[in-house]
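Undergrad: attaching a predicted model along with its sequence, questions to come.
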Amino acid sequence: MKYYRPIPMSDPARPKGALSLAGGWLWFDRVEVLARDAAPDLIAVSDLPEAIRERLSAPRADFAGLTMDRPRLMGILNVTPDSFSDGGRFMAPEAALRQGREMAGAGAEILDIGGESTRPGAAEVPVGEEISRTAPVIAALRAGGIETVISIDTRKSAVAEAALAAGASIVNDVAAFGFDPRLKDVTAQSGVPVCLMHAQGAPQTMQDDPQYEDVLLDVYDFLAARVAEAEAAGIPRDRIMVDPGIGFGKTLTHNLTLIRGLSLFHGLGCPILLGVSRKKFIGTLGAESDATRRTPGSVAVALAGVAQGAQVLRVHDVWETRQALALWRSVTVGDRT
């Protein structure tokens, strides 16, 4: 099997024949061809199979009402006592409501509400407790006039059902329907979009000794299979976003390989979500053990993702990322919106 990784470019000197990457802000005129049994090769877009050309270049459909022709920000709102960087800060409903309002005001276009930590070593949270943490916060945000798109970060169908009833409109499943298969049916029947993430193993053990034959191709194959399963369940591809799952069953080297090769995932024909904010590998490379002091490194890696065409960035530091993104877009693609 061959895999096609477009080489993303943002330079204003765009050659004739170059294609827009996923209908967005980048272009490409070359593609790296990868295979498990052959050395990488570099070819011109004119030599691509027609179906591959179309999938890599076609504009992505709107996702939960948001166009995917420019990068979007998903603000992280954890209502948990044990998340790795903000555990306990927003457990109280009034604190969660205040944080949601602040992130929306700072430029978050999606608020991602989670009631179960999936950091390495985290224990599973009972369904009833996870619902009691998340659904009231979502309802309060809606009652308070917050119209920002809300996603529910959960692996569980009952939690998703309660969140959708409270006003959420995206399901964000770090297990890609592998933890609770019924979540696939709930998502299909509700008609909402979904984000499917790759993870190797459960949170309790995923960092023990992650191994891959080829991390970039293995993660691609996993996501391709999960997208196909979702389609078979009645969720069309234009309602699916994919996430390579940085830090979920990956070493530092695995994470860097995935980020460098992120443009490969455009071949799935879905928007790409990148979540790197404050993660351990940023602290390791940036010599910072305190997760709350990893904003500069988080922003740097987020912009590297945008340079690979990632359409959605999942972040803790919305205002800082928004400012950096505005400057990046102004100096690279000349867009001041």
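TA: Nice, thanks for sending it over. This structure is a prediction, so every number in the text was calculated from the model and none was measured. Numbering: from 1, shown residues only.

Undergrad: list the contacts for the nearest residue to residue 311 once chain neighbours are set aside?
TA: What sits nearest to residue 311 in space, not counting adjacent residues and going by CB to CB, 6 or more residues apart in numbering, is residue 271, at 4.1 Å. Where C-beta positions appear, they are placed from N, C-alpha and C, glycine not excepted. By CB atoms under 8 Å, 6 or more residues apart in numbering, residue 271 lies in contact with 22, 60, 63, 68, 241-242, 311-312.

Undergrad: give me the mean pLDDT for the helix or strand where residue 299 lies.
TA: Using DSSP states H and E, residue 299 sits in helix 295-306. For helix 295-306, the mean pLDDT works out to 98.

Undergrad: ditto for stretch 94-101
TA: 85.

Undergrad: list of residues touching it?
TA: Residues outside stretch 94-101 that contact it (CB under 8 Å, 6+ apart): 75, 77, 79, 89-90, 111, 113, 137, 140-141, 144, 146, 148.

Undergrad: SS state for residue 13?
TA: Under the three-state scheme (DSSP: H, G, I helix; E, B strand; the rest coil), residue 13 adopts coil.

Undergrad: that one - how many residues pack around it?
TA: By the criterion of other CB atoms under 10 Å, residue 13 has 5 neighbours.

Undergrad: tell me how far it lies from residue 27.
TA: Distance, residue 13 to residue 27, using CB to CB, to the nearest Å: 10 Å.

Undergrad: now do the contacts for the closest residue to residue 107 other than its chain neighbours.
TA: Using CB to CB, 6+ apart and skipping residues adjacent in sequence, the residue nearest residue 107 is residue 322, 3.9 Å away. Applying CB under 8 Å, 6+ apart to residue 322 gives the contacts 73, 106-107.

Undergrad: show the buried residues in these.
TA: 73, 106-107 (16 or more other CB atoms under 10 Å).

Undergrad: that's a strand at residue 43, yeah?
TA: Yes: the assignment for residue 43 (three-state DSSP) places it in a strand.

Undergrad: got the buried residues for the strand or helix carrying residue 98?
TA: Element membership of residue 98 [criterion: DSSP H and E] is helix 93-106. Across helix 93-106, burial judged by 16+ other CB under 10 Å covers 96-97, 99-101, 103-104, 106.

Undergrad: may I have the beta-bridge partners of the most centrally placed residue in the chain?
TA: Closest residue to the average C-alpha location of the chain: residue 273 at 2.3 Å, with CA atoms, centre = their mean. Per DSSP bridges, the residues bridged to residue 273 are residue 312.

Undergrad: now do the contacts for it.
TA: Residue 273 makes contact with 74, 195, 197, 241-243, 310-314 under the criterion CB under 8 Å, 6+ apart.

Undergrad: please redo it, this time with the cut-off set to 6 Å
TA: 195, 241, 243, 312 (CB atoms under 6 Å, 6 or more residues apart in numbering).

Undergrad: point out the other elements, helices or strands, that whichever strand or helix holds residue 73 touches.
TA: Taking DSSP H and E as the definition, one finds residue 73 inside strand 72-78. Helices and strands touching strand 72-78, by 3 or more CB pairs under 6 Å, 6 or more residues apart in numbering; DSSP states H and E, are helix 93-106, strand 110-114, strand 312-315.

Undergrad: so where do the strands sit in the protein?
TA: For the chain, the strands defined by DSSP state E cover 2-6, 19-20, 27-28, 30-35, 38-44, 72-78, 110-114, 149-153, 170-173, 194-197, 240-243, 273-275, 312-315.

Undergrad: so which of the buried ones among the contacts of residue 322 comes closest to residue 267?
TA: residue 73 (24.4 Å; CB to CB).

Undergrad: that closest one contacts residue 111, correct?
TA: No: applying CB atoms under 6 Å as the test, residue 73 and residue 111 come out as separate, 10.0 Å apart.
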